[in-house]
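Undergrad: Give me the fold of what follows.
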Amino acid sequence: MLNFSFSLGVAVSSLLICIANLIYTFIQKRTDKLQNRFFIAILLILLINSMTSIISSIFSDGLHSATNSLFFVQISRYIYFATHTALCPLFFYYVSNVSFVSTRLANRKMFLLSLPFFFTELLAITNPVTNFVWRIDENREFHREWGEFLIYLAALFYYVLSFVVLGRSWKVISKKRRTALVFFFIMTAIGVIIQLLNKDLKIEVLAEAIGFTGVMMSVENEDDRIDIGMGFYNRTALNLDFTSCLWNDRKLHIILIRIHNYDLVNRLVGTGENNAVADVLSGYLTSIVKRYYIYVPEKDSFVLTIYDEPEAKVFALADEIAGRFEELWDYGEYSIQLNATVVVADIPSQIKKTSELFYMIDSPIPENEGKTVLKGDDLSFIMRRQSIEDALSRGFAENSYEVYYQPTYHINGKLHGAEALIRMHDKKLGNLFPDEFIPIAEQNGLVDDIDEFVLEEVCRLLATGVPQKYGIDNINVNLSVLQCMRPGFVESIKGIVSRYNIDRRQINFEITESIAADDYDTLSKVIRKLKREGFLFSMDDYGTGYSNVSAVFSLNLDVVKIDKSLLWGAEKSKLGMVILENTIRMIRQMDKKILVEGVETEEQIRLLEKLKVDYLQGFYFSRPIPKNAFLEHITQKDAFVRK
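TA: Below is the predicted model:
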C-alpha cells in the first residue's frame, strides 16, 4: 500500500497547478464571459479537491491514533464529494458554451439535462445524514456505498455528453481548441480509471488539473483570437464564432460600423505605434456591448454581435450609434470627425452563410441616398450575392457562360487581335457582367473553372484558323491572381493549349496592374515560365493602380494597355494630357508595345496617332460581341475603315 507521502505529494502538486492556472487566468483578465466563469468554477473545485486531499492524506496517516483525525477526514471527504460531484456537469456546460451548443438547447431541455446533476449533488450534500454515498464504520474503515456509484454514473453521463457536443461542433471549433478539449477528456479518463482500479493511487484530481491546464493554454488563452492593435476579437474569431452560431441555430443581430476615412484619420493623429481609431472608439463601443461581443474583421470595420434583443431595440441602438458619429471625437489634443455607415443585419433571416457576412464586411457599402443606417431592404445587395452564388453553381450545368470578343486594331486601322471577355446569361437573373460575379467566384472557388472555360473557348476558336485568316495575331485572355498562384497552374495552361495544337504566341495573357502589385515575385516566376513556352503577356488597366513602376516593368511584359481613364482625362484638362503623354513616353522608353483602351471618337484616334501608340481598342470599332458576331465582324472588308 502506498504511504501517505505519495498521496500528499500528488495533492500538493494538484494544488500548485490549480493556483498557477487561477493566477494566470486573472492576470490575462479572461473573467468576463460565461465560458470564463465556468472555467474558473472548475478550477476552484479542483483547488478545493486538492486541499481536501491534502487534509485526508495528513490525517489518514494517523487515523487510529489522533483524537480529531476522524473528524478532519470526514469533513474533507464531505467537501470533496460535495464539490467534485459538480465537476463533470460544469465541464459539460463549459464545452457547450465554447461550442455555442448551449444556445441551441431550450431552457426546458437544459433543465432536463441538469436533473442527474441536481440529484447526485443532493446525495453528496446529504451524506452526513443518509450515508448513501460513503461511510466510516466503527473500526474507522472507509466504505463506498451505492450513492457513489450513481455519482460516477452521472459523471460518465456528462463526460459522454460533453464528448457528443464536441463531436457535433467539431467542424466549427478551431483545431487548437479541439485538441485541448480532447486532451482533457483523455487525462480525466486516465485519472478516473486508475483511481477506480486502485483507490490508494489518488491521481484523479491531478490528471484533471493537468488536463485543464491544456484547456487554459489553448481555449482560455485567446491571443490568437485577439487583434493586438485593436484589443478586440479578430477576423478569425468572428469566422469561427459566427459559423458556430449558424451551426447551432443561434439567432442574433449584427451591427457593422464601417469607418470611411479610417486611413486619413490614422495618418493625421496616429503615432505609428498605436491605432488612433481603435483608441477613439474603444471606450464608446465597450459602453454599448461587452468586450467579447466586438470584432474587428478589417482595420476600418467594427462588428457588434447582439444576442436575445428585440429588433426594435437593435434598430434604436444602431440609430444611436449613427447619431454619435455625427459628433466630433476627442483624441488627445485633436477633435476628429469619423465618417461612418452603420449596417444592421438579422441572423439568420438576412444572412444565412458566413460568406455572406464577410461579403457585407468586405464589399463597398452601396449608396442609399445618404443614409447612415442601412437595414431591412437596404441589405438587398446581400440577397443579390446569394442569388449570384446560386447562378454560379448552376452556370456550367445550364450553359450560362459565354465568351464575348472585343477586337483590337493597329494604329493604322488594320485588325490586330481581340480580348476575350466572359459573360453570363442566367435564366433567373438575366445577363450578368464580370464586375459583379467574378469577385464572388473568386471567393467560392469557381474562378479557376471560369478562367479555364474562357481559355478553352479561345483555343477552340483559334484552332479553326478563321481568326488568323482575317488578320488576328493573338487573343487576350484575362488571368486572375488566384489562378496564377494555384499549384500546377503552368502545367494546366500548357495542357489545355496543347490539346488544340495552336501556336502559343496566339494567346496573350492579361494581368491587371493592381493584381501584379500584390506579389511581384510569384507572378514574375509564373510569367517567365509561360513566356519560355511562347505565350505573350499584357498589363491591363495601366494607370488605375498604385504600383511601383520599376516593379511593374520588371515583369517582362509584351504589351501595356493604358486604361481609358487616362485617355478621357487627356481630353478634359491640360494636366490630363501631360499625364497621358508622359505615360506613353515612359512606356515606349522601356521598349514595350502600347495599347490604349476606351477609344470612342475620331479625335481620340488622331491624338493617339500623334503620340505614336501601337494598338487601339474601344467602342469606336466594336463593343464586346458574341463569337459568331465577332467572326462576321472581322470578315467584313471595311471593318477597319474609319467612320
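Undergrad: mind showing which ranges of the stretch 401-550 of the chain have poor pLDDT?
TA: Applying pLDDT under 70 to the stretch 401-550 of the chain picks out residues 481-482, 513-520, 544-550.
Undergrad: Could I get the full set of helices for it?
TA: Counting by DSSP state H, counting those that start in this stretch, residue ranges of the helices within the stretch 401-550 of the chain are 434-444, 447-463, 466-469, 481-485, 489-500, 513-518, 520-532, 549-553.
Undergrad: Is it possible to get the ones you listed out as CSV so that each row also shows distance to residue 409 and mean neighbour count?
TA: Every C-beta, even on glycine, is put in place using the N, C-alpha and C of the backbone. Output for the helices of the stretch 401-550 of the chain, formatted as CSV (distance: least, CB to CB, whole Å; neighbours: other CB atoms under 10 Å):
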stretch, distance to residue 409, mean neighbour count
helix 434-444, 23, 17
helix 447-463, 19, 19
helix 466-469, 14, 15
helix 481-485, 28, 19
helix 489-500, 25, 16
helix 513-518, 23, 18
helix 520-532, 25, 16
helix 549-553, 24, 14
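Undergrad: got those as JSON lines, with distance to residue 615 columns?
TA: Conversion of these to JSON lines gives the following (distance: least, CB to CB, whole Å):
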{"stretch": "helix 434-444", "distance to residue 615": "22"}
{"stretch": "helix 447-463", "distance to residue 615": "18"}
{"stretch": "helix 466-469", "distance to residue 615": "16"}
{"stretch": "helix 481-485", "distance to residue 615": "24"}
{"stretch": "helix 489-500", "distance to residue 615": "23"}
{"stretch": "helix 513-518", "distance to residue 615": "17"}
{"stretch": "helix 520-532", "distance to residue 615": "19"}
{"stretch": "helix 549-553", "distance to residue 615": "18"}
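Undergrad: which stretch among those comes nearest residue 126?
TA: Closest approach to residue 126 among the helices of the stretch 401-550 of the chain is made by helix 434-444 (59.2 Å; CB to CB).
Undergrad: tell me the contacts of residue 505?
TA: The contact partners of residue 505, taken as CB atoms under 8 Å, 6 or more residues apart in numbering, are 474, 534-536.
Undergrad: change it to 10 Å
TA: Contact criterion CB atoms under 10 Å, 6 or more residues apart in numbering gives 473-474, 533-536, 558 as the residues in contact with residue 505.
Undergrad: Could you identify the pair within those that is furthest apart?
TA: The most widely separated members of these are 473 and 533, with 17.6 Å between them, by CB to CB.
Undergrad: In strands, which of the contacts of residue 505 appear?
TA: Counting by DSSP state E, the part of these found in strands is 474, 536.
Undergrad: and which of the contacts of residue 505 is nearest residue 187?
TA: Comparing every one of these with residue 187 (CB to CB), the shortest separation belongs to residue 533, at 56.8 Å.
Undergrad: Quick check: phi and psi on that closest one?
TA: According to degrees, to the nearest 10, the main-chain angles of residue 533 amount to phi -80, psi -10.
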